[in-house]
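Engineer: can you look at this prediction? I've put the sequence above it.
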Amino acid sequence: MTKTITLDSIRERAEEQEIEARSWEDTGQSGEAEAVALPRADGGKDAWMFLAACFTIEALVWGTSSVAEFLALCRFGSKG
């Protein structure tokens with residue numbers, strides 16, 4: 001059993017979708033979720049102090065190991 005689709009049924013469906021789209025526009029809803037506004041980023045003295053402390057700790061952790069490795073390579077490289 002086959003179902004026939006006529007142009008009239010396609011037009012009716014298109015008109016229904018167009019009416020639905022217009023009703024969304026009339027209510028001011030776009031169908032998308034509203035974005036939540038984020039609070040303003042901190043830019044005070046405490047934020048800059050925290051950033052400086054983090055940089056210092058990272059420099060000590062990563063810089064010390066890199067310098068130690070470099071010195072060890074130089075020391076062993078000059079003897080061999």
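Structural biologist: Everything's here; your move. Please read all numbers here as calculations on a predicted model, not as lab measurements.
Engineer: only C-alpha atoms for contact and neighbour calcs from this point on.
Structural biologist: Noted.
Engineer: what's the end-to-end length of stretch 39-52?
Structural biologist: According to Cα to Cα, to the nearest Å, stretch 39-52 extends 23 Å from its N-terminal end residue to its C-terminal end residue.
Engineer: next one: it to chain centre, how far?
Structural biologist: On the basis of Cα atoms, centre = their mean, to the nearest Å, stretch 39-52 is displaced by 21 Å from the centre of the chain it belongs to.
Engineer: try stretch 36-51
Structural biologist: Relative to where its chain is centred, stretch 36-51 has its mean C-alpha point 19 Å off (Cα atoms, centre = their mean).
Engineer: show the average pLDDT along it.
Structural biologist: Mean per-residue pLDDT for stretch 36-51: 87.
Engineer: quick check: Leu38 vs Lys45, distance?
Structural biologist: Taken as Cα to Cα, the span from Leu38 to Lys45 is 21 Å.
Engineer: repeat for Ala72
Structural biologist: 40 Å.
Engineer: how about the strands in this protein?
Structural biologist: Secondary structure of the chain, counting by DSSP state E: no strands present.
Engineer: which stretches of it have low pLDDT?
Structural biologist: 1, 4-7, 19-33, 77-80 (pLDDT under 70).
Engineer: which parts of it are helices?
Structural biologist: 7-27, 45-58, 64-79 (DSSP state H).
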